[in-house]
Structure formats: C-alpha cells, structure tokens
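# Quick one: sequence plus predicted model below, questions after.
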Amino acid sequence: MKDKKISVLINREKKRQKTGIELIPSENYASSEVRSVLSSYFVNKYSEGFPKKRYYGGNEVVDEMEILTQERAKKLFKVPFVNVQPYSGSPANLAVYIASCKPGETIMGQALVAGGHLTHGHSVSATSMFYKSVQYGVKINPSKGEDLFDYGEIRRLAKEHRPNLIWVGGTAHPLIFHYEKFADIADEIGAYLAADIAHVAGLIVGGVHPSPVKHVHIVTTTTHKTLRGPRGAMIMVTDKGLKKDPDLSVKIDKAVFPGLQGGPHDNQTAAIATALFEASQPSFKQYAKQVVRNSKELSKVLSSGGLKLIGGGSENHLILADLTSVMGLGSGVFVQKALDLVGLTLNKNTIPGEPSSPFYPSGVRLGTAASTTRGMKETEMQFIGKTIIEVIDIIKNVRLPVEKKERSKMIVEFESKLRKNKTIKVLRDKVKKVAVKFPIP
Ligand code: DSN
C-alpha cells in the first residue's frame with residue numbers, strides 16, 4: 001500500500017534540495033549508499049546492550065555490525081574506545097555528563113550566544129538544570145588575526161569555579177580550535193576536558209583541522225555534518241581519558257545504556273559504519289580540503305561585499321556574518337527569509353555579544369560542507385557570495401520593529417512583498433540553474 005501523501009512530501013523535499021543550494025553549515029548530503037543502509041533490515045531489530053552482552057536474542061549479525069562500526073571509528077579517529085549508539089549529539093553530550101560528573105557538580109562550556117552549544121551548559125538545557133553551569137564567551141572585538149578565545153579569562157573562570165568538566169567545541173565558531181590551550185587549563189585544575197567536534201569531525205579526518213585526541217579525555221561528535229553520514233553520534237574516550245580514569249569507557253557505555261537510551265538504532269549504526277568507510281577513502285581528504293577552500297573563497301566575496309565576518313573570515317567550513325552595521329539589530333531573520341526566496345538556505349544566528357535576542361539574532365551562519373559534496377568549487381562560491389550581497393542590497397533598508405508585538409506581522413508582509421520582487425525572481429532562476437548542474441546524491 002503506497003502512502004501517497006508522504007511520497008508527495010518526499011518528492012517536494014527532494015526538489016527543494018536539488019534546486020536550491022544548502023548553506024546551513026551543520027547540514028550535508030549523505031551518500032545514496034548511506035541512505036540505503038539506513039532503510040536496511042537492521043531497522044527491524046532490538047538490541048539493548050552492547051556486542052556480546054545483549055538483552056535480546058538474534059543479535060549475532062548486529063554484534064558483528066556494531067563491532068565493525070566501532071573498529072572503523074577507532075581507526076579513523078585514532079582512539080582506543082568508542083560508543084556508537086547515541087541517537088544524536090545532545091544525548092551523546094548528556095551521557096558525557098552522567099559519566100564524568102555527579103548531579104549538582106560544576107561544568108563549564110562556551111556560551112551558545114558566543115558560538116557554543118545548548119548542551120555545553122545553556123540555561124534552558126538539562127545540562128544547566130542538573131549541573132551548575134559556568135559559561136565562557138569569546139572576544140567581541142578581537143584584533144585582526146587574533147584567536148577569538150581569551151584564554152586568560154577562561155583560566156580565571158576555571159580557577160574560580162573549579163568545574164569537573166570543561167567543553168571545547170562549538171556550532172558557530174569560524175576558526176580553528178586550539179585544543180592544547182584548553183588542555184593546559186583543564187589539566188591545571190584536574191578537570192575532564194571534552195571536545196565536541198560535531199561540526200569539524202569530517203575536517204579532522206580529512207586532515208584540514210587539528211585533532212583534539214592527544215589533548216582531551218573525551219570526544220563527542222554527530223555523524224551527519226562534515227562527516228557526511230546519517231543523523232547520529234559517537235562518544236570516544238582517548239588514551240589520556242583512560243589514564244585519568246581507567247573506568248571511563250565503562251562509565252560512558254553505562255551512561256548511554258541503560259542511563260539514557262533504550263535499544264540502539266541499528267540501522268543508524270550500520271549507516272555510520274558506511275559513512276566511516278567513505279570518510280577513510282582518499283577522495284574524502286580532497287573533499288575536506290575543498291570545503292575549507294570554498295569557505296575561504298566565500299568569505300572573501302562576502303567581506304568585499306561589505307559584510308563583517310566574525311573572526312575576520314573562515315578557517316573551517318563555517319562563516320558567521322554580523323549584520324548590525326548593514327541592517328541594524330535583529331536583522332538575521334530578514335536575510336534568512338530573503339535568501340530562502342532565491343533558493344539559498346542558511347540560518348539566522350546570534351553573534352558574540354548579541355545585542356538583540358536568540359529568536360531575532362543579528363547575524364547569519366553559513367557554510368560549505370553540503371555544496372562541496374555536490375562538487376561546487378570556487379567559481380560557484382563567487383556566484384553564491386555575490387548573490388547573497390545582491391539580495392542584502394535589495395532589503396538593506398528593512399529594520400526589525402522595536403515593538404515586539406509588531407514583529408511577526410511585519411515579517412509576513414516583508415516576505416509576501418519580496419516574493420513579488422522581479423530581481424528576486426531573476427536571482428531564484430539563476431540559483432536554480434547553477435544548483436541543478438550539481439546533482440545531489
Ligand atoms: N543544530 C546543530 C547546528 O546547527 O549546529 C547543533 O546541534
């Protein structure tokens with residue numbers, strides 16, 4: 001029996017992905033092999049527990065598959081232990097808390113507004129409800145070429161609050177992470193250091209971003225961003241982590257199951273194995289290199305078009321643009337919506353020291369992981385960058401109403417007016433023409 005309604009929606013989504021250009025830096029295109037493994041017979045199985053230690057029968061094949069996934073991850077990331085069962089990044093990070101801290105203990109992470117992640121101790125996340133969270137930020141106005149982190153300030157906070165666990169890693173950080181500097185601080189106070197490499201995992205295995213493995217105790221990652229796998233996550237323990245606590249890997253396993261999760265999604269685990277296989281091929285190194293080249297090229301075009309880029313540009317796959325000088329406070333929503341109309345998908349995002357609010361932030365975040373998977377190179381980045389600047393030029397006089405009640409109505413009107421704009425229609429056609437030249441897997 002065919003589910004026609006879902007078929008229609010799948011086809012519409014496929015068309016949207018094919019005819020537009022994906023710039024959200026946490027998104028990518030999994031290969032058709034990964035998508036096919038996701039819908040394999042593994043979808044039918046329950047396997048609570050871990051290989052050779054299951055609560056259900058019939059797991060002999062699943063055991064082999066999960067061990068294969070673990071071996072591939074260990075080899076690729078050069079770690080002695082991995083748990084490949086977390087459903088996604090947030091549960092993976094929560095498992096790290098359970099394994100390394102008692103409820104109520106202190107943890108420290110990069111603030112979301114400064115480019116961190118909700119699970120690194122944001123006030124609305126379980127990670128600050130059950131733990132005492134201290135947040136560090138980034139420099140608001142760093143000098144040219146300077147690191148965004150103020151290590152003196154991070155060290156001061158660490159010494160004052162003595163967290164048990166420190167996070168390094170973010171979701172809107174355009175520069176390379178210097179893990180060794182965080183390690184110096186964590187080691188000084190005897191804290192666990194966990195690197196959340198969700199955004200840069202593919203760049204690390206591709207050799208274009210440093211690996212945290214030597215410096216940290218725990219590494220978490222999602223598998224669907226630059227790593228280009230299915231949605232999912234992994235938690236790794238390093239040699240340094242096992243030296244600090246020889247039971248750390250057992251604690252991580254227990255935190256994932258039975259601490260937080262039930263049966264692992266075996267189909268997802270198998271698809272992670274396939275993604276790890278793909279990431280170990282020489283072509284993946286070329287991919288990772290091109291992602292960074294594209295991001296640098298796109299940064300150049302956006303900068304010369306008058307946009308202020310946080311960190312002065314990009315050293316990875318990600319760009320964070322501050323729109324305040326061009327369109328005032330809280331204008332990310334207008335740029336996101338206007339670009340959606342031309343088929344360029346990015347997301348509104350807070351900027352360091354956000355002067356507006358997380359729902360109406362003053363920046364946009366974009367990246368090159370997905371477009372590079374389609375084979376786009378510098379020429380296409382120039383086209384994308386120029387189109388973004390052209391769209392911003394059309395809407396540059398729009399301002400977010402100060403009165404909160406007026407905002408949603410005004411945004412609806414803005415969008416419907418822009419939909420009729422002739423230049424926007426022309427740009428939509430141009431984006432489509434470029435996009436369809438680069439097939440999605
Ligand atoms: N949602 C992810 C991102 O977009 O970066 C973080 O979890």
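Everything's here; your move.
# switch to C-alpha atoms for all contacts and neighbour counts from now on
Will do.
# Residue 111 against residue 120, yeah?
Yes - using CA atoms under 8 Å, residue 111 is in contact with residue 120, at 7.3 Å.
# what about the two, which has more around it?
Shown here are residue 111 and residue 120; by other CA atoms under 10 Å, residue 120 has more neighbours (31 against 22).
# list the contacts for the more buried one?
By CA atoms under 8 Å, 6 or more residues apart in numbering, residue 120 lies in contact with 108, 109, 110, 111, 112, 127, 167.
# quick one: which of the residues you listed is nearest to residue 40?
residue 127 (34.3 Å; CA to CA).
# Can you get me a residue count around the closest one?
Residue 127: 21 neighbours (other CA under 10 Å).
# And the helix or strand harbouring residue 301, how far out from the chain middle?
Element membership for residue 301 (DSSP states H and E) is helix 282-304. Chain-centre distance of helix 282-304: 17 Å, with CA atoms, centre = their mean, to the nearest Å.
# how about the CA coordinates for it, as CSV?
The C-alpha trace of helix 282-304 is given here as CSV (Å, rounded to 0.1, in the frame of the first residue of the first chain):
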residue,chain,number,x,y,z
PRO,A,282,41.5,9.3,-0.3
SER,A,283,38.7,11.2,-2.0
PHE,A,284,37.3,12.3,1.4
LYS,A,285,40.6,14.2,2.0
GLN,A,286,40.1,16.0,-1.2
TYR,A,287,36.6,16.8,-0.2
ALA,A,288,37.7,18.2,3.2
LYS,A,289,40.3,20.4,1.5
GLN,A,290,37.8,21.8,-0.9
VAL,A,291,35.3,22.5,1.9
VAL,A,292,37.9,24.8,3.5
ARG,A,293,39.0,26.4,0.2
ASN,A,294,35.3,27.1,-0.7
SER,A,295,34.7,28.6,2.7
LYS,A,296,37.7,30.9,2.4
GLU,A,297,36.6,31.9,-1.1
LEU,A,298,33.0,32.6,0.0
SER,A,299,34.3,34.6,3.0
LYS,A,300,36.4,36.8,0.6
VAL,A,301,33.4,37.6,-1.6
LEU,A,302,31.2,38.4,1.4
SER,A,303,33.9,40.6,3.0
SER,A,304,34.5,42.5,-0.1
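# Please enumerate residues in contact with that helix?
Under CA under 8 Å, 6+ apart, the answer for helix 282-304 is 202-203, 205-208, 278-279, 309, 313-319, 367-369, 372-373, 377-378, 381-382, 384-386, 388-389.
# So which of those residues sit within strands?
309, 318, 319, 367 (DSSP state E).
# out of those residues, who's nearest residue 177?
For the ones in strands among the contacts of helix 282-304, the nearest to residue 177 is residue 318 (12.9 Å; CA to CA).
# Show me the helices in the stretch 51-200 of the chain, by range?
60-77, 89-100, 126-129, 151-161, 179-189 (DSSP state H, counting those that start in this stretch).
# so which of those is the most packed in?
helix 89-100 (a mean of 22; mean count of other CA atoms under 10 Å).
# For my notes, confirm residue 219 occurs in a strand.
Yes - membership of residue 219 in a strand is supported by DSSP: H, G, I helix; E, B strand; the rest coil.
# contacting residues around it?
Taking CA under 8 Å, 6+ apart, we find residue 219 in contact with 194, 195, 196, 197, 212, 213, 235, 236, 237, 238.
# ranking these by neighbours, who comes first?
residue 194 (32 neighbours).
# If the nearest residue to it once chain neighbours are set aside is in a bridge, with which residues?
Of all residues not flanking residue 194 in the chain, residue 218 sits nearest, at 4.6 Å (CA to CA, 6 or more residues apart in numbering). Beta bridges link residue 218 to residue 194, residue 237, judged by DSSP bridges.
# Out of the helices of the stretch 51-200 of the chain, which gets nearest to residue 265?
helix 60-77 (10.6 Å).
# Residues in contact with that closest one: which ones?
So helix 60-77 is contacted by 42, 47, 50-52, 79-84, 205, 213, 266, 269-270, 272-273, 276-277, 280 (CA under 8 Å, 6+ apart).
# Just the C-alphas of that helix, formatted as PDB.
Extracted C-alpha coordinates of helix 60-77, given in PDB (Å, rounded to 0.1, in the frame of the first residue of the first chain):
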ATOM      1  CA  GLU A  60      24.700 -12.200  16.200                       C
ATOM      2  CA  VAL A  61      24.700 -10.200  13.000                       C
ATOM      3  CA  VAL A  62      24.100  -6.900  14.800                       C
ATOM      4  CA  ASP A  63      27.000  -7.700  17.100                       C
ATOM      5  CA  GLU A  64      29.400  -8.000  14.100                       C
ATOM      6  CA  MET A  65      28.000  -4.900  12.500                       C
ATOM      7  CA  GLU A  66      28.400  -2.800  15.700                       C
ATOM      8  CA  ILE A  67      31.900  -4.100  16.300                       C
ATOM      9  CA  LEU A  68      32.800  -3.200  12.700                       C
ATOM     10  CA  THR A  69      31.500   0.300  13.200                       C
ATOM     11  CA  GLN A  70      33.500   0.700  16.400                       C
ATOM     12  CA  GLU A  71      36.700  -0.600  14.700                       C
ATOM     13  CA  ARG A  72      36.300   1.800  11.800                       C
ATOM     14  CA  ALA A  73      35.700   4.800  14.200                       C
ATOM     15  CA  LYS A  74      38.700   3.900  16.400                       C
ATOM     16  CA  LYS A  75      41.000   3.600  13.400                       C
ATOM     17  CA  LEU A  76      39.800   6.800  11.700                       C
ATOM     18  CA  PHE A  77      39.900   9.000  14.800                       C
END
